[in-house]
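> Structure of the sequence below:
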Amino acid sequence: MKRSGPLFTLLAGLVLALFMLSVNATSGTGSSSYSDSSSDTSGTAGPSVSPTAGPPSKGPSPSRTAAPTPSSTPAKKPPSDARYTGRTDDDSASIAITLRDGEAVAYFCDGRATESWLKGDVEDDGSMRLTGKNGAKLDGRIVGDKVRGTVEIRERTWAFTAPKTRKPAGVYRATSEVRGERLDGGWVVQADGSQVGILNRDGEPAAAPRLDPDTGAVALADGDRLTARPVVP
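So this is what the prediction gives:
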């Protein structure tokens with residue numbers, strides 16, 4: 001019995017030491033688990049506040065809002081005052097057109113026997129339909145700085161081009177009574193100074209004498225004189 005005492009004492013001490021180690025191990029594990037849980041809660045941001053985890057922006061695309069809205073360019077209105085002179089496409093006759101305040105007057109002349117005075121309105125799109133005696137008509141349109149169109153006289157049609165010009169080019173007319181004759185003359189003066197005209201004597205057409213565009217003077221073969229003036233609507 002004396003020998004077993006120390007042995008029991010040793011075993012009791014060993015059991016006590018094991019128990020204390022177990023308690024310490026259990027306490028350390030609990031402390032570490034709480035610390036990890038606290039770290040997860042405060043250190044990891046939730047989806048509702050994370051700038052990268054939130055839904056993408058629904059705002060309008062800059063490329064779409066910055067694109068200009070297409071708009072139709074209004075058609076350019078014809079000039080209120082302008083002169084156009086030119087020739088037919090077959091180079092057989094001349095034509096002059098004068099515009100003023102939405103109206104137009106034109107003179108077609110081949111310098112021999114065929115002529116016509118025409119007039120009418122000019123539309124906002126530059127188109128015009130002018131009419132004259134005996135069913136004569138001119139259908140034209142201002143395209144850029146020229147008028148393109150056709151003239152129809154006595155069932156014959158001529159296409160023409162008349163570029164825009166300025167004084168002294170244009171259309172001139174002189175009417176008078178000389179020595180009992182009724183005189184009526186018309187002239188087309190081109191931009192290069194060339195001209196063509198018809199002078200009617202009591203209704204009989206013939207090539208007109210030359211006109212001085214600067215003064216309007218026309219010298220007749222018999223020594224008489226006429227004064228021609230620019231024609232406007």
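> pLDDT (mean, whole number) over stretch 161-178?
For stretch 161-178, the mean pLDDT works out to 96.
> no no, stretch 151-158
pLDDT averaged over stretch 151-158 equals 96, rounded to a whole number.
> Can you name the residues in contact with it?
Here stretch 151-158 makes contact (C-beta atoms under 8 Å, 6 or more residues apart in numbering) with 88-90, 92-93, 95, 106, 108, 114, 116, 118, 132, 134-139, 150, 160. Glycine gets a C-beta too; all of them are placed from N, C-alpha and C.
> Just the ones in strands from those, please.
Those of these mapping onto strands are Thr88, Ile95, Ala106, Phe108, Ser116, Leu118, Lys137, Leu138, Asp139, Thr150, Phe160, per DSSP state E.
> any chance of the residues you listed in TSV, with neighbour count and distance to Ala221 too?
As requested, these are exported to TSV (neighbours: other C-beta atoms under 10 Å; distance: C-beta to C-beta, whole Å):
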residue	neighbour count	distance to Ala221
Thr88	19	28
Ile95	26	27
Ala106	30	28
Phe108	27	25
Ser116	23	25
Leu118	23	29
Lys137	16	34
Leu138	26	32
Asp139	15	37
Thr150	14	35
Phe160	24	31
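> want to throw those residues into TSV with distance to Tyr172?
TSV is the format used below for these (distance: C-beta to C-beta, whole Å):
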residue	distance to Tyr172
Thr88	19
Ile95	14
Ala106	13
Phe108	14
Ser116	16
Leu118	16
Lys137	22
Leu138	18
Asp139	24
Thr150	24
Phe160	19
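> Out of these, the closest to Ser80 would be?
Proximity of these to Ser80 (C-beta to C-beta) peaks at Ala106, which lies at 16.8 Å.
> That closest one contacts Ala96, doesn't it?
Yes - using C-beta atoms under 8 Å, Ala106 and Ala96 qualify as a contacting pair, with a distance of 6.7 Å.
> Common neighbours of the two, please.
Taking C-beta under 8 Å, 6+ apart as the contact rule, the neighbours common to Ala106 and Ala96 are Val171.
> isn't Leu130 right up against Leu138?
Yes - using C-beta under 8 Å as the test, Leu130 is close enough to Leu138 to be in contact (4.2 Å).
> which residues are common contacts for these two?
With contacts defined as C-beta under 8 Å, 6+ apart, the residues adjacent to both Leu130 and Leu138 are Ala106, Leu118, Gly120.
> how far away is the first one from Glu115?
Using C-beta to C-beta, to the nearest Å, one gets 11 Å for the distance from Ala106 to Glu115.
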